[in-house]
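Novice: what's the 3D shape of this:
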Amino acid sequence: MKTQAWHRTLGAWSFIPVLYFCLTTNYNSLWLMCSCLVYALIAITITVGYHRLFTHNSFECSRFWHWLFGLVGCISLNSAPVHWSSVHNDHHKFSDTEKDPYDSNWKHFFRFKDRVGVTATKKEIRMMKDKMHLFFIKQSLTLSITVGVVLSLFGADAFLFLYALPVTTYLVTSGLHTIYAHSNKSARNLWVLECIIPMFGEWIHKEHHDRPGLINWHTKPYYFDLGGIFIGAIKNGSQ
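Specialist: Okay, the predicted model is just below:
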């Protein structure tokens, strides 16, 4: 399988001019609050939807959440769920080796070439037969561009604070997570960073690598996994 990386890299680098325009714009503080909420929605989507639902099948939930997670993930330039899932599964399989599709160093922010040779598991093959996931594969980038254009019609503040700032900020923070959550060829639990760079549980990274199917990573009193709490509110039944 081939997956694209250029749009995530370009989006991450766009954080610099976006931040400049936001800081030099005479905006209402409510816009910044809205931007934080959109960032939270993106972070919840990736850790709960893309990571624990689509990739690891850790829990079950209604089809509504599948659609919502897929749409938000595509709009925020995180690619289609199938592509994200296949790359992440290969990351687990070849973690911190030369075959690891993740660049656990600063090369992450300079990857523009497509990833090639990424494995599609039986689960991803089943996903590619699903009309919903086929839609996300075909329209992922189009969805993001469309939302950006529509918001720009409501003014520069709407575009900057409801789209550009939260999307580019998440692409930067997720890149920092990829780099710093791995050290000396192993995953790390950097739980304290949840208070500095909120990823809604993703900084408890070694816990996840040790038990990929675990729903809630709050396995110690000082681990805070908001993503796991959210899953508890939306999942169907128990696993």
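Novice: quick one: the strands in the chain?
Specialist: Using DSSP state E, the strands assigned to the chain run over residues 182-183, 186-187.
Novice: hey, which helix or strand in this structure has the poorest pLDDT?
Specialist: strand 182-183 (a mean of 78; mean pLDDT, DSSP states H and E).
Novice: about what we covered before: let me have the strands of the chain in TSV, extended by distance to Asn26.
Specialist: All C-beta spots, glycine's among them, are computed from the backbone N, C-alpha and C. Formatted as TSV, the entries for those read as follows, by distance: least, C-beta to C-beta, whole Å:
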stretch	distance to Asn26
strand 182-183	41
strand 186-187	43
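Novice: closest to Leu165 out of these?
Specialist: With respect to Leu165, and counting by C-beta to C-beta, the nearest of those is strand 182-183 at 27.1 Å.
Novice: separation between the nearest residue to Phe94 once chain neighbours are set aside and His182?
Specialist: Closest residue to Phe94 apart from its sequence neighbours, by C-beta to C-beta, 6 or more residues apart in numbering: Asp100 at 4.6 Å. Asp100 sits 9 Å away from His182, going by C-beta to C-beta, to the nearest Å.
Novice: picking that back up, direction included, what does the least confident helix or strand of the chain pair against?
Specialist: Using DSSP bridges, strand 182-183 pairs in its sheet with strand 186-187 (antiparallel).
Novice: picking up where we left off before, between Asp100 and His182, who's got more neighbours?
Specialist: Using other C-beta atoms under 10 Å as the criterion, Asp100 and His182 rank with His182 on top: 21 against 17.
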